[in-house]
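> everything below, folded, please.
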Amino acid sequence: MKNLNKYVSIYQEQLKKGDILIAYNELVKFVMNLRTEFIKTQSDKYSFAGILHGYLDYTYFYYSNDFLKRKKLKFGLVLNHVEMRFEVWLLGSTKPIQQKYWELSRNTKWNKDKTEMPKYSILESIIVEKPDFDNLDKLTEQIEIKMISASDEILDYLKTLN
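Model (predicted):
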């Protein structure tokens, strides 16, 4: 690893240019607006938690329903900053829960190419591969439709397990 001072210098240099700050702030604001919109349109199906910021790698919020809560599971709507795409993640409330459901879903379409459990989730579904941030209304609609579709599909699978 390079000297930390070198990384900090590069980081500071990029921040001073301003583009990264603008992009990051606008992306976080967009995810916050998604959450607000989904609370309005999807609160009959899910409850939504607050926005969480990763380490410039992910911005996300959790959402859940009674079925998931009984299983100690939840979904996350994730903006993956490195890949610049939106994903739905299934997560467990503890490591043992994550491990249990990873074992149960290891051979599903979501995990078929994985040899080990993802770092943060049980499974991940890419819902918008190349978001168009120049049309946020359309992007919001696209994310909502695909988020609900992916969530329903995962829920249907989970219901077959018991």
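> please enumerate the strands of this structure.
Taking DSSP state E as the criterion, the chain contains strands spanning 47-53, 58-64, 73-80, 85-92, 123-128.
> partner strands of the last one and their direction?
The sheet places strand 123-128 alongside strand 85-92 (antiparallel), with pairing taken from DSSP bridges.
> do the third one as well
For strand 73-80, the paired strands and their directions (DSSP bridges) read strand 58-64 (antiparallel), strand 85-92 (antiparallel).
> could I get the shortest one in CSV with only the CA atoms?
Listed next in CSV are the C-alpha coordinates belonging to strand 58-64 (Å, rounded to 0.1, in the frame of the first residue of the first chain):
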residue,chain,number,x,y,z
TYR,A,58,-22.4,2.4,-1.5
THR,A,59,-25.4,4.6,-0.7
TYR,A,60,-28.5,2.6,0.4
PHE,A,61,-31.6,2.2,2.5
TYR,A,62,-33.2,-0.9,4.0
TYR,A,63,-36.8,-1.9,3.4
SER,A,64,-38.7,-4.7,4.9
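> could you give the angle of that strand to strand 47-53?
170 degrees (axes from the mean of the first three to the mean of the last three CA atoms, to 10 degrees).
> quick check: mean pLDDT of strand 58-64?
Averaging the model's pLDDT scores along strand 58-64 yields 97.
> could you list the residues in contact with it?
27-28, 31, 34-35, 38, 42, 46-54, 73-81, 89, 91, 151 (CB atoms under 8 Å, 6 or more residues apart in numbering). For the C-beta atoms, the positions are set from N, CA and C on the backbone; glycine is no exception.
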